[in-house]
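> 3D model of this:
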Amino acid sequence: MKFLNLLFVLFTANFLYAQNKVVDTNQVVTPNRVNTEQTLQKPYVILISADGFRYDYFKKYKAKNLLNIAAKGVWAKKGMHPSYPSITFPNHYSIITGLYPSHHGIVDNIFYDSIRKETYKIGSKTVIDGTWYNGLPLWALAEKQGMLSASLFWVGSESNAANTRPTYWYHYHEKFKGDAKVNIIKNWLTLPDSIRPHFITLYFPEVDYYGHKFGPDAKETEASVHYIDVAIKKLVDSLQPLNLPINFIFVSDHGMIAVEEKDYIPLPEIDSKKFTVINSYTLVRVTAKDKLDVLPLYQKLLNEKSDDYNVYLANNFPEKLNYSSKEDTIGRIGDILLVPVGSKLLVNKNKKPTYGKHGFNSYEIPEMKASFIAWGENFKKGKKIKTFQNIHIYPLVASILDLEILQPIDGSLKVLQKTIR
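This next block holds a predicted model:
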């Protein structure tokens, strides 16, 4: 109880400004859609994301409800690999499209498009412009095959990505707390079966927020984990009386690691008149305005660089991460990439990161690994699985809902097929 009281105080203080802003909290309903007759016989999937919920938080903070669910369902006990970079927007969109960021186009929370000559930025109007998004999100896959979908927040869900929004959706805000979200989903699932969504997304921001602000080892972060733990139990308990064949998939987009000022590395000076520089601290992307300037800058950075970071030409980035410009046909990754060694951070003058950070390579920094638990009608019980990449969730969901995959994806059903009954 003390954790929940602490969390309530923190929410009141830290989200006060957001709560007082004029926000559109109304549900948006796409008219004139109904489920096909075939859909009425199909199960349901609720895809839940707790942003920044590191794979080991279950045990680290004794999330008893989630641990109990994990033990009885399917659990990637050692975590799930996020796509690189392990950042919120790229990974939520990788989960919902089955594509690596270099293929779906959302390569970071902020990035420059050298063809459009525009910058996509979290928190701006660009997030609702569907022309920035490639791939076919799961809600669009469902809708195109006569299955209604609903989104209580997810990256891309308020845009017209693939020219198809969910039937039920909301503009992103943080006014709804756990109980309100539970009630919204219950209301969706008690609609008449002809207009009841079979695929639903649900998003919680709290663990990421406190992990950044206070670090992954802070009591505030612990409290936020318990908040999610209680919210998930309430959701499951509230839906049980409906006796519907519901499947739950609980994931996160990435983990979190503590950072200290001793790990800060000064960002090398780069001429802003010749180059567009986007610094995510864990990754710096440099795009030349004139491609003839790329190799001279690359040589200069190589000559200047310390042992604290590596410099890559974007077309020669490690293949395992699927983030080279050879895979990026859209022109968003850039020409030169600077990557800190270990969990160090490249920092601009007068700008300091928060106490917790993510974005690193999860194969080298295990704290970046995300969570995965699945349970319900179509999942095996008590099954532990090995670490896998998050792009494989898409074909798993499509299989459970009996949806045909309509576009090429990077994920494969073979990876998670063994989790299905």
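
> Backbone torsions only: list them for the residue nearest in space to the middle of the chain.
What sits nearest the mean C-alpha location of the chain, by C-alpha atoms, centre = their mean, is His92, with 2.7 Å. His92 has phi and psi values of phi -60, psi -40 when expressed as degrees, to the nearest 10.

> can you offset everything so residue one is 14?
Will do, 14 is the new start, and the previous item becomes His105.

> Which element, helix or strand, includes the closest residue to it other than its chain neighbours?
Once flanking residues are discounted, His105 sits nearest to Val168: 3.8 Å by C-beta to C-beta, 6 or more residues apart in numbering. C-beta coordinates here come from the backbone N, C-alpha and C atoms, glycine included. If you go by DSSP states H and E, Val168 is not part of any helix or strand.

> So for Phe21, what's the pLDDT?
If you check Phe21, the pLDDT there is 43.

> wait, Lys365
Reported pLDDT for Lys365: 78.

> And the helices in this protein, which stretches?
Taking DSSP state H to define them, one finds helices in the chain at 15-27, 29-33, 70-73, 77-85, 101-110, 114-117, 151-156, 191-202, 219-227, 232-252, 307-317, 406-413, 426-429.

> Could you report the separation of the residue nearest to His105 from Ile100?
Noted for Val168: a distance of 11 Å to Ile100, by C-beta to C-beta, to the nearest Å.

> Over to Ile433?
30 Å.

> Neighbour count: these two, which is higher?
Shown here are Ile433 and Ile100; by other C-beta atoms under 10 Å, Ile100 has more neighbours (26 against 15).

> Quick check: that one touching Gly268?
No - Ile100 is beyond contact range of Gly268, at 11.5 Å (criterion: C-beta atoms under 8 Å).

> overlap in contacts of those two?
Counting by C-beta atoms under 8 Å, 6 or more residues apart in numbering, the shared contacts of Ile100 and Gly268 are His371.

> Show me how this structure divides into domains.
15-112+148-272+376-432, 274-370 (automatic domain parsing).

> ranking those by burial, who's on top?
Of all those, domain 15-112+148-272+376-432 carries the top mean neighbour count, a mean of 20, counting by mean count of other C-beta atoms under 10 Å.

> Now do the same contact list for Pro408.
Here Pro408 is in contact with 111, 418, 422, 424-426, 429 (C-beta under 8 Å, 6+ apart).

> Closest to Arg209 out of those residues?
For the contacts of Pro408, the residue nearest Arg209 by C-beta to C-beta is Ile418; the value is 23.3 Å.

> Grab the nearest non-local neighbour of the closest one.
Ala411 (5.4 Å).

> right, and that neighbour touches Leu154 too?
Yes - using C-beta under 8 Å, Ala411 is in contact with Leu154, at 6.4 Å.

> what do the two both touch?
Residues touching both Ala411 and Leu154 by C-beta under 8 Å, 6+ apart: Ile418.

> From Ser170, how far off is Tyr183?
Applying C-beta to C-beta, the value for Tyr183 to Ser170 is 8 Å.

> Find residues that contact each of these two.
Joint contacts of Tyr183 and Ser170 (C-beta under 8 Å, 6+ apart) are Ser164.

> Please look at Arg429 and Ile406 and confirm they touch.
Actually, residue 429 is Leu rather than Arg. Yes - Leu429 lies in contact with Ile406 (C-beta under 8 Å); the separation is 7.4 Å.

> still on that earlier bit, check contacts around the residue nearest to the centre of the chain.
By C-beta under 8 Å, 6+ apart, His105 lies in contact with 62, 167-169, 216, 266.

> TSV for these, including pLDDT and distance to Glu332?
Rendered in TSV, the data for those read as follows (pLDDT from 0 to 100; distance: C-beta to C-beta, whole Å):
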residue	pLDDT	distance to Glu332
Ser62	98	28
Trp167	98	29
Val168	98	26
Gly169	97	27
Tyr216	98	31
Asp266	98	23
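
> Using TSV, lay out the residues you listed together with distance to Thr49.
Converted to TSV, those look like this (distance: C-beta to C-beta, whole Å):
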residue	distance to Thr49
Ser62	28
Trp167	23
Val168	27
Gly169	24
Tyr216	27
Asp266	32
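
> Quick check: of those, which lies closest to Lys199?
Distances from Lys199 to the contacts of His105, taken as C-beta to C-beta, are shortest for Tyr216 (16.8 Å).

> Quick check: the residue nearest to the closest one when sequence neighbours are not counted vs His186, distance?
Spatial nearest neighbour of Tyr216, excluding adjacent residues (C-beta to C-beta, 6+ apart): Phe166 at 3.8 Å. Plainly put, Phe166 is 8 Å away from His186 if you go by C-beta to C-beta.

> Verify the contact between the residue nearest to His105 and Thr110 for me.
No - counting by C-beta under 8 Å, Val168 sits too far from Thr110 to count as a contact (9.9 Å).

> Can you give me the pLDDT of Ala175?
Reported pLDDT for Ala175: 97.

> just to revisit the earlier point, which of the helices of the chain sits closest to Ser356?
Taking C-beta to C-beta, helix 219-227 is the member of those nearest to Ser356, at 13.9 Å.

> which stretches of the protein aren't confidently modelled?
14-34 (pLDDT under 70).

> swap the cut-off to 80 and go again
Residue ranges of the chain with pLDDT under 80: 14-35, 342, 362-365.

> Could you check how far Val297 is from Ser62?
27 Å.

> now do Ala76
Using C-beta to C-beta, Ala76 is found at 15 Å from Ser62.

> do Phe71 as well
On the measure of C-beta to C-beta, Phe71 and Ser62 end up 15 Å apart.

> Noted, bye for now.
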